[in-house]
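> With the input below, show me the fold.
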Amino acid sequence: MNNMDIETLKHMVDYGVIGLLVFMSFIAVWFFIERVIFYRKIN
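Predicted coordinates:
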């Protein structure tokens, strides 16, 4: 492996981690909204 492959791999891992964090943030916000709607229906 030369230096170019390692740089490309680093960028792919960076984008993968950022993508995963964005996805998990979206899921967390979705669950929060779902809980708010659920508790509004109870009261």
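> Report all helices and strands that whichever helix or strand residue 36 is part of contacts.
Under the criterion of DSSP states H and E, residue 36 resides in helix 3-42. Helices and strands touching helix 3-42, by 3 or more CB pairs under 8 Å, 6 or more residues apart in numbering; DSSP states H and E: there are none. (Glycine included, C-beta is placed from N, CA and C.)
> Rounded mean pLDDT for that helix, please.
Regarding helix 3-42, the rounded mean pLDDT is 94.
> Now do the buried residues in that helix.
Across helix 3-42, burial judged by 16 or more other CB atoms under 10 Å covers no residue at all.
> Going forward, count from 628.
Sure, I'll start counting at 628 from here, so that last one is helix 630-669.
> And residue 640, how close does it get to residue 631?
15 Å (CB to CB, to the nearest Å).
> and what of residue 657?
On the measure of CB to CB, residue 657 and residue 631 end up 39 Å apart.
> same thing with residue 641?
16 Å.
> cool, and residue 666?
From residue 666 to residue 631 the distance is 53 Å (CB to CB).
> try residue 642
Distance from residue 642 to residue 631, by CB to CB: 17 Å.
> Repeat that for residue 648.
As judged by CB to CB, residue 648 and residue 631 stand 26 Å apart.
> Over to residue 663?
On the measure of CB to CB, residue 663 and residue 631 end up 48 Å apart.
> same deal with residue 649?
27 Å.
> go on, residue 646?
22 Å.
> Next: residue 662.
Counting by CB to CB - residue 662 and residue 631 are separated by 47 Å.
> try residue 647
25 Å.
> Residue 643 now?
The gap separating residue 643 from residue 631 is 19 Å, by CB to CB.
> what's the answer for residue 637, then?
Counting by CB to CB, the gap from residue 637 to residue 631 is 11 Å.
> Over to residue 667?
Using CB to CB, which is the criterion applied here, residue 667 is 54 Å from residue 631.
> likewise residue 664?
50 Å.
> now do residue 654
35 Å.
> now residue 645
In terms of CB to CB, residue 645 sits 21 Å off from residue 631.
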